[in-house]
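A.B. asks: Provided below for reference: sequence and predicted model.
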Amino acid sequence: MKVTIIYRPVSEHARDVEEYLRDFSKQTGRSLDTLDPDTTEGSETCRVYDIVEYPTVIAVSDDGQLQNSWRGLPLPTISEVSYYA
């Protein structure tokens, strides 16, 4: 299972996402992947999973199936996301 936060690093929500990433790491000892939707990989991921709102957190199984997603702010609780991470 892979959990990724898709957000624009230069945006009004960047600080919230970066604080969330630090808190997640502190509380779980694990890190989450991040993607910028303005990169090639990020754009492709957004197209595949129909993501048009940022930030979006997605949990994807190893075979590429979307298991869960959370769109916009507020971000999901760390316990919700850690279930998939």
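C.D. replies: Everything's here; your move. Numbers count the residues shown, from 1 in each chain.

A.B. asks: can I assume residue 11 is in contact with residue 36?
C.D. replies: No - taking contacts as Cβ atoms under 8 Å, residue 11 lies outside contact range of residue 36: 9.8 Å. C-beta: built from backbone N, CA, C; applies to glycine.

A.B. asks: So for these two, which sits in the more crowded spot?
C.D. replies: Under the criterion of other Cβ atoms under 10 Å, the comparison of residue 11 against residue 36 puts residue 36 first, with 16 against 13.

A.B. asks: what kind of secondary structure is the residue nearest to that one when sequence neighbours are not counted in?
C.D. replies: Leaving aside its sequence neighbours, residue 36 sits nearest to residue 42 (Cβ to Cβ, 6 or more residues apart in numbering; 4.8 Å). Under the three-state scheme (DSSP: H, G, I helix; E, B strand; the rest coil), residue 42 adopts helix.

A.B. asks: could you list every residue that touches residue 1?
C.D. replies: By Cβ atoms under 8 Å, 6 or more residues apart in numbering, the contact list for residue 1 reads 59-62, 67, 84-85.

A.B. asks: change it to 7 Å
C.D. replies: Each residue near residue 1 by Cβ atoms under 7 Å, 6 or more residues apart in numbering is listed here: 59, 61-62, 67, 84.

A.B. asks: The residues you listed into CSV, with extra columns for distance to residue 31?
C.D. replies: Output for the contacts of residue 1, formatted as CSV (distance: Cβ to Cβ, whole Å):
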residue, distance to residue 31
59, 15
61, 19
62, 18
67, 18
84, 14
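
A.B. asks: how about those residues in TSV, adding neighbour count and pLDDT?
C.D. replies: Shown next, in TSV, are these (neighbours: other Cβ atoms under 10 Å; pLDDT from 0 to 100):
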residue	neighbour count	pLDDT
59	20	98
61	11	97
62	7	96
67	13	97
84	17	95
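
A.B. asks: that's a strand at residue 50, yeah?
C.D. replies: No - Residue 50 is assigned coil when assessed by three-state DSSP, not a strand.
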